[in-house]
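Visitor: just need the structure, nothing else, for what follows:
(2 chains)
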Amino acid sequence: MNALASSPTEPVSAVCTTGLAARLSRLVSALCEPAKRALEVVLPPLVLLALLAGIWEWAASGPAATLPPPSMVWENSRELIFRPFYDRGGLDKGLGLHLLASLERIALGFTMAAAIGVAVGMLIGSSRLALRALDPLFQVLRTVPPLAWLPLSLAAFREAQPSAIFVIFVTAVWPIVINTAVGVRNVPRDYHNVARVLRLSGPAWFLRIVVPAAAPYIFTGLRIGVGLSWLAIVAAEMLIGGVGIGFFVWDAWNSSNLSDIVVALVYIGLVGFLLDRLTALVGRAVTRGTSEQ
Amino acid sequence: MSGKRAVERPFLEISRVSLRFAPGSPHVLRGIDLKVHEGEFVAVIGHSGCGKSTLLNIVAGLLRATEGGVFLAGREVDEPGPDRAVVFQNHSLLPWLTVYENVRLAVDCTVGRTMSRAERDGWTRRTLALVRMEAHADKRPAEISGGMKQRVGIARALAMRPRVLLLDEPFGALDALTRAHLQDQVMDIHARLGTTVIMITHDVDEAVLLSDRIVMMTNGPNATIGELLEVDLPRPRDRLRLVSHPRFLAAREAVLRFLHERHASPAVA
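Guide: Residues are numbered from 1 along each chain as shown, chains lettered A, B, ... in the order given. Predicted coordinates for the structure are as follows:
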């Protein structure tokens, strides 16, 4: 082991002693270092992706293949990939517009879920009575799959848009409520004591101690909530119709446009990933320093 | 306030304090009686689990005695307040606030209520300067060392202008050198401000070096005050000169004999 580790260093030190050549080689290695590190990060997933595409191409190119190979997806859906914002009226819109419609629903439903979820979570976290009263109800309701709410909400609102927003709300709200409540209940004993010595109580205690102490938990809830919303909206839109990425997938299926579905799935994945990262980023910026002790 | 009056009527009096956590369970503390003069530095020493931190929490008002009570300047105190500021064992700084903001919060909630914004800022910075932390005012607790955190904890407590400063094993988690440095700072602050201090410790040298009187506690349950020892050493005290001082050595021996001869820890087996 030792012999192996030491042998590559010897030629380097030999080069270093020869002056100019050594300095040149050091300059080259200094320039190459960041590029090399970037390559180390980017290369493995790219190679794997190419490999998977190759397997897919091979598997889907036989005469009995049921799914289009990557080359065919590229051929058929190039317009979809490169012109996300075209609008030919009716339902013939670019993927970007469909995604925007879905994101708008998410924004509305998720904002409501965040506002109400955090408020209710704070109540449950700080009041034993509220916990006892609401917790059993919530534990049951949160296991109801999002789509099971859709018929009821369609019946109640009699319109697609508010029904979809309600489904988002009811999907995202549970993890936010539960995580907020846990965060509030886990405010360390020490902070309670500090607040008692300072005679902090009421709103001041809540705003200056409880909210910042619970913030990391709240953001964990928000992050789970946004992920679930994205899962739910695609399914809900398939049933609701009109506009939205979920409807687009369903519509493509009905017109046997499998290539379009593949492209849409890639976009759905990328947007979901971005939503998750965005929430995490906001959380990290807001709770700066809170989680470290 | 004149020293004479403080002698007639003790500044801080712990009177027949007993505590048990549930009726029928054995007493944690039993019959604690202690009178502390204004400006006095009292160290409370005892084995782990003897209830010395519990006693401090009762004085702080964070715990309520089952029997007896605590009187500060003649008035009973039974809830926490800034007049008895606590420096917690694990510093308990709020991690989302900077060093400055941690102290400022204490200022705003207590003495700052009658001050202007500029005065509050000035008082916060002066308190930080007292523990030599003004250079690190904008750092967060996670970015400073354990000793620095404890200094900020002391600054936060002092910022409330407490009548009694309660130190709960403040240097227990620090290395010996940092601890010595902080002990010197605490002595310096005590000399300058004349604050009454009650300090919980399990370090014999620390108790003898810092305090005017050492309260030695017996082991629990039914822990109570075993002995009191006056530490008659001139101030300012210098740890190097005290190393061989006969009275320092005598006091040290008395405490050691109490802790390891007459009341050896029952937990160590």
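
Visitor: what about residue B:169, neighbour count?
Guide: 21 (other C-beta atoms under 10 Å in any protein chain shown). Just so you know, the C-beta spots here come from the backbone N, C-alpha and C atoms, and that holds for glycine as well.

Visitor: residues in contact with it?
Guide: By C-beta atoms under 8 Å, 6 or more residues apart in numbering or on different chains, the contact list for residue B:169 reads B:53, B:89, B:200, B:201, B:202.

Visitor: pLDDT score for the first one?
Guide: pLDDT recorded at residue B:53 is 92.

Visitor: again, but for residue B:228
Guide: On pLDDT, residue B:228 comes in at 95.

Visitor: okay, and residue 248 sits in which element?
Guide: You didn't say which chain, so I picked chain A. Per DSSP states H and E, residue A:248 falls inside helix A:245-254.

Visitor: meant chain B actually
Guide: Residue B:248 belongs to helix B:246-257, assigned by DSSP H and E.

Visitor: against which helices or strands is that helix packed?
Guide: Helices and strands touching helix B:246-257, as assessed by 3 or more C-beta pairs under 8 Å, 6 or more residues apart in numbering or on different chains; DSSP states H and E, comprise helix B:204-210, strand B:213-217, strand B:225-230.

Visitor: picking that back up, centre of the chain to the helix holding residue A:248, how far?
Guide: Offset of helix A:245-254 from its chain centre (C-alpha atoms, centre = their mean, to the nearest Å): 22 Å.

Visitor: and the strands in chain B?
Guide: Applying DSSP state E to chain B gives strands spanning B:12-19, B:29-36, B:41-45, B:67-72, B:75-76, B:84-87, B:164-168, B:196-201, B:213-217, B:225-230.

Visitor: out of these, which comes closest to chain A?
Guide: Set against chain A and scored by C-beta to the nearest C-beta, the strands of chain B come closest in strand B:84-87, at 5.5 Å.

Visitor: any low-confidence regions in chain B?
Guide: By pLDDT under 70, the weakly predicted segments of chain B are B:1-8, B:266-269.

Visitor: buried sites along the strand or helix carrying residue A:27?
Guide: In the assignment (DSSP H and E), residue A:27 maps to helix A:20-59. Buried residues in helix A:20-59, defined by neighbour count with 16 or more other C-beta atoms under 10 Å in any protein chain shown: residue A:56.

Visitor: now find how far off-centre the very next helix or strand once past that helix is within its chain.
Guide: Counting by DSSP H and E, the next helix or strand C-terminal to helix A:20-59 is helix A:70-76. Offset of helix A:70-76 from its chain centre (C-alpha atoms, centre = their mean): 27 Å.

Visitor: before we move on, the earlier item: could you give the angle of the helix holding residue B:248 to strand B:225-230?
Guide: Following axes from the mean of the first three to the mean of the last three C-alpha atoms, to 10 degrees, one obtains 170 degrees for the angle between helix B:246-257 and strand B:225-230.

Visitor: just the angle between helix B:246-257 and strand B:213-217, please?
Guide: Calculated by the same axes, to 10 degrees, helix B:246-257 forms an angle of 10 degrees with strand B:213-217.

Visitor: can you redo the contacts of residue B:169 as CSV with distance to chain A and neighbour count?
Guide: As requested, the contacts of residue B:169 are exported to CSV (distance: C-beta to the nearest C-beta, whole Å; neighbours: other C-beta atoms under 10 Å in any protein chain shown):
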residue, distance to chain A, neighbour count
B:53, 12, 18
B:89, 9, 19
B:200, 15, 24
B:201, 19, 23
B:202, 20, 16
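
Visitor: what's the helix holding residue B:248 in contact with?
Guide: With C-beta under 8 Å, 6+ apart as the test, helix B:246-257 has contacts from B:45, B:204-205, B:207-209, B:214, B:216, B:227, B:229, B:231-233, B:242.

Visitor: are any of those buried, and which?
Guide: B:45, B:204, B:205, B:207, B:208, B:209, B:214, B:216, B:229, B:231, B:233, B:242.

Visitor: any figure for the gap between the second one and residue B:45?
Guide: Here the criterion is C-beta to C-beta, to the nearest Å. By it, residue B:204 lies 7 Å from residue B:45.

Visitor: overlap in contacts of these two?
Guide: Common contacts of residue B:204 and residue B:45 (C-beta under 8 Å, 6+ apart): B:255, B:259.

Visitor: turn the contacts of helix B:246-257 into TSV, including distance to residue B:103.
Guide: Output for the contacts of helix B:246-257, formatted as TSV (distance: C-beta to C-beta, whole Å):
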residue	distance to residue B:103
B:45	29
B:204	32
B:205	29
B:207	28
B:208	30
B:209	27
B:214	30
B:216	34
B:227	37
B:229	34
B:231	31
B:232	35
B:233	32
B:242	32
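
Visitor: just flag the most distant two among those residues.
Guide: B:227 and B:242 (21.1 Å; C-beta to C-beta).

Visitor: and for residue B:184, the neighbour number?
Guide: Residues near residue B:184, counting by other C-beta under 10 Å, number 16.

Visitor: distance check, it against chain A.
Guide: Relative to chain A, residue B:184 is positioned 26 Å away (C-beta to the nearest C-beta, to the nearest Å).

Visitor: contacts only, for that residue.
Guide: Contact analysis of residue B:184 by C-beta under 8 Å, 6+ apart lists residue B:239.

Visitor: show the pLDDT at residue A:10.
Guide: Model confidence at residue A:10, expressed as pLDDT, equals 45.

Visitor: ok so, going back, which other helices and strands does the helix holding residue A:27 contact?
Guide: Here helix A:20-59 touches helix A:9-16, helix A:70-76, going by 3+ C-beta pairs under 8 Å, 6+ apart.

Visitor: flag whichever of those helices has the least confidence on average.
Guide: helix A:9-16 (a mean of 45).

Visitor: any weak-confidence spans in chain A?
Guide: Across chain A, the ranges flagged by pLDDT under 70 are A:1-18, A:289-293.

Visitor: domains of it?
Guide: Chain A breaks down by automatic domain parsing into domains covering A:2-59, A:84-292.

Visitor: and the helices in the stretch 101-250 of chain B?
Guide: In order along the chain, the stretch 101-250 of chain B carries the following helices (DSSP state H, counting those that start in this stretch): B:117-130, B:146-159, B:176-193, B:204-210, B:239-242, B:246-257.

Visitor: how about the third one: buried residues?
Guide: Looking back up the chat, that one is helix B:176-193. Residues B:178, B:179, B:180, B:182, B:183, B:184, B:185, B:186, B:187, B:189, B:190 are the ones in helix B:176-193 that count as buried (16+ other C-beta under 10 Å).

Visitor: ok, now the shortest one?
Guide: Buried residues in helix B:239-242, counting neighbours by 16+ other C-beta under 10 Å, are found at residue B:242.

Visitor: now for that helix, which elements pack on it?
Guide: Short answer (3+ C-beta pairs under 8 Å, 6+ apart): helix B:239-242 packs on helix B:176-193.

Visitor: before we move on, the earlier item: how about CSV for the helices and strands packed on helix B:246-257, with distance to chain A added?
Guide: Formatted as CSV, the helices and strands packed on helix B:246-257 follow (distance: least, C-beta to the nearest C-beta, whole Å):
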stretch, distance to chain A
helix B:204-210, 22
strand B:213-217, 22
strand B:225-230, 25
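
Visitor: need the phi and psi values for the closest residue to chain A within the stretch 151-269 of chain B.
Guide: Residue of the stretch 151-269 of chain B nearest chain A, by C-beta to the nearest C-beta: residue B:160 (7.6 Å). Dihedral angles of residue B:160 (phi, psi; degrees, to the nearest 10) stand at phi -80, psi 0.

Visitor: what's the closest non-adjacent residue to it?
Guide: Residue nearest to residue B:160 in three dimensions, not counting chain neighbours: residue B:82, with 3.8 Å by C-beta to C-beta, 6 or more residues apart in numbering or on different chains.

Visitor: burial count for that neighbour?
Guide: Burial of residue B:82 is recorded as 19 neighbouring residues (other C-beta under 10 Å).

Visitor: OK, contacts around it?
Guide: Counting by C-beta under 8 Å, 6+ apart, residue B:82 has contacts A:197, A:198, A:199, B:106, B:109, B:110, B:111, B:160, B:161, B:162.
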